[in-house]
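Just the structure for this:
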Amino acid sequence: MSDDNTTATTTTFHITIPSGFKIFAREVAKPERVNRNIIAIVIHGGPGLSDHSESFPGLCQAPSLISSIHAMVFYDQLGCGESDKPRNPDLYSLENYVKELICVIDTVRSRHGDKQICLWGHSWGGQIVLELLLSSSSSSTFCSGGRCDELLLLPPSVQCAVVSNAPLDEKTYGRKQARLRLNLDDATRAFYEEEEKEIVLNSDSVGGLVYRKLIGISETNITGTMANWSALSLLKDERAVPPVPCLLVTGDDDTVPYEEYPMASSLAMANRPVEGAPFCRSVVLEGAGHGPFFGETSEMYFKCVGEFLDEVILVADHS
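Numbering: from 1, shown residues only. Below is the predicted model of the structure:
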């Protein structure tokens with residue numbers, strides 16, 4: 001961990017993605033120094049109903065708190081925030097969001113040359129990262145439990161990945177949301193149901209369209225194209241080995257089934273073809289919820305990520 005009081009600079013820019021539309025990006029950077037060599041790309045949650053501003057106030061602290069990070073690059077996924085919002089539902093698929101991420105990686109690489117890139121996906125963003133990692137690890141393609149139109153390969157500039165608070169299996173995630181909903185008092189449950197009707201079912205917004213396409217009407221009953229997605233199932237394929245070191249981090253107060261995180265890292269480690277292949281680690285932070293980079297749990301969260309990045313650098317230096 002670090003406590004760097006030097007001033008960060010912020011720049012904004014747009015990236016043209018394969019569909020021809022433009023997405024918005026924001027970069028927060030600290031002055032360069034010898035050991036500050038990592039550019040972290042943050043993939044925000046959702047799908048559709050969020051943008052980079054939701055996690056930005058917490059995660060933008062990373063370059064000040066983690067000495068190895070030079071910059072954090074945030075972007076709004078297509079249909080979100082300040083990015084283009086086409087109304088064609090065919091554009092909104094897990095496969096296209098993975099292609100979008102690859103485009104962001106290539107853009108960041110062109111802006112920063114030989115800097116190492118870390119993918120940092122939160123919630124739904126972590127599922128996008130996992131899809132790219134696991135598709136890259138096999139000669140086949142997965143994408144939402146089916147097959148993609150083409151093989152999606154991880155760009156070589158990516159050195160590691162952090163998957164934070166992401167559902168690892170949509171079916172078990174939906175079942176947990178249903179249980180949590182049943183445990184609410186009648187008034188609170190009615191509030192959430194009305195909110196879902198307003199922002200998802202009856203919404204004319206593009207965000208609502210994206211959510212209905214990928215998730216459905218409610219996260220308590222997932223019926224969209226993500227319904228059968230499962231990183232755990234993918235990891236049972238012995239070819240599914242993350243091609244770079246990967247940290248899976250969540251909290252024991254998270255709404256995702258945190259018990260699946262050690263299982264996922266164990267499967268990934270068991271699939272490694274040789275000793276010394278990229279490692280996968282899981283950490284469940286005590287008392288941390290779905291936004292562990294905020295509030296009282298933020299210190300241990302950034303410490304956990306910082307130690308992971310230090311190990312990635314150490315392993316790279318000795319390879």
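
quick one: Ala187 is in a strand?
No: under DSSP: H, G, I helix; E, B strand; the rest coil, Ala187 sits outside any strand and is assigned helix.

burial measure for it, as a count.
Around Ala187 there are 7 other residues, counting by other Cβ atoms under 10 Å. Using the backbone N, CA and C atoms, a C-beta is placed for each residue, glycine as well.

now swap in Asp106 and tell me
By other Cβ under 10 Å, the residues close to Asp106 number 13.

which parts of the helix or strand hosting it are buried?
Using DSSP states H and E, Asp106 falls within helix 94-112. Within helix 94-112, the residues scored as buried using 16 or more other Cβ atoms under 10 Å are 94-105, 107-109, 112.

repeat for stretch 168-187
In stretch 168-187, counting by 16+ other Cβ under 10 Å, buried: Leu168, Asp169, Glu170, Thr172, Tyr173, Gly174, Lys176, Gln177.

Where do the strands of the protein begin and end?
9-16, 22-29, 38-43, 69-75, 116-122, 158-164, 246-251, 280-285 (DSSP state E).

Listing partners with orientation, what would you give for the fifth one?
Going back to what we said before, that points to strand 116-122. The strands beside strand 116-122 in its sheet (DSSP bridges) come out as strand 38-43 (parallel), strand 158-164 (parallel).

Can you pull out the residues in contact with that strand?
Contacts of strand 116-122 from elsewhere in the structure, counted by Cβ atoms under 8 Å, 6 or more residues apart in numbering, are 37-45, 55, 59, 69, 72, 101, 105, 108-109, 127-130, 132, 155, 157-166, 305, 309, 312, 316.

Restricted to buried residues, select the residues you listed in ChimeraX.
Of these, the buried ones can be selected in ChimeraX as follows, counting by 16+ other Cβ under 10 Å:
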select :37,38,39,40,41,42,43,44,45,55,59,69,72,101,105,108,109,127,128,129,130,132,157,158,159,160,161,162,163,164,165,166,305,309,312
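
Reformat the strands of the chain as CSV; add mean pLDDT and distance to Met263.
Shown next, in CSV, are these (pLDDT from 0 to 100; distance: least, Cβ to Cβ, whole Å):
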stretch, mean pLDDT, distance to Met263
strand 9-16, 96, 35
strand 22-29, 97, 34
strand 38-43, 97, 23
strand 69-75, 96, 29
strand 116-122, 97, 19
strand 158-164, 97, 14
strand 246-251, 98, 10
strand 280-285, 97, 8
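
got JSON lines for those strands, with distance to Val274 too?
Converted to JSON lines, the strands of the chain look like this (distance: least, Cβ to Cβ, whole Å):
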{"stretch": "strand 9-16", "distance to Val274": "36"}
{"stretch": "strand 22-29", "distance to Val274": "37"}
{"stretch": "strand 38-43", "distance to Val274": "26"}
{"stretch": "strand 69-75", "distance to Val274": "30"}
{"stretch": "strand 116-122", "distance to Val274": "23"}
{"stretch": "strand 158-164", "distance to Val274": "19"}
{"stretch": "strand 246-251", "distance to Val274": "17"}
{"stretch": "strand 280-285", "distance to Val274": "15"}
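
Of these, which is nearest Pro262?
With Cβ to Cβ as the criterion, Pro262 lies closest to strand 280-285 of the strands of the chain, at 5.0 Å.

can you dump the C-alpha coordinates of the closest one into CSV?
Only the C-alpha atoms of strand 280-285 are listed here, as CSV (Å, rounded to 0.1, in the frame of the first residue of the first chain):
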residue,chain,number,x,y,z
CYS,A,280,-5.7,-17.6,-9.7
ARG,A,281,-6.5,-16.5,-6.1
SER,A,282,-9.7,-15.8,-4.3
VAL,A,283,-10.2,-13.6,-1.3
VAL,A,284,-13.4,-13.1,0.7
LEU,A,285,-13.2,-9.9,2.8
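
Which residues does it contact?
242, 245-252, 258, 261-262, 264-265, 268-269, 292, 297, 300-301, 304, 308.

and these, which are buried?
For those, buried by 16+ other Cβ under 10 Å: 242, 245-251, 258, 261, 264-265, 268-269, 292, 297, 300-301, 304, 308.

Make CSV from the strands paired with strand 116-122 and add distance to Phe191 to it.
Formatted as CSV, the strands paired with strand 116-122 follow (distance: least, Cβ to Cβ, whole Å):
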stretch, distance to Phe191
strand 38-43, 29
strand 158-164, 27
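
To Thr9, which of those strands lies closest?
Once the strands paired with strand 116-122 are compared by Cβ to Cβ, strand 38-43 is nearest, at 13.7 Å.
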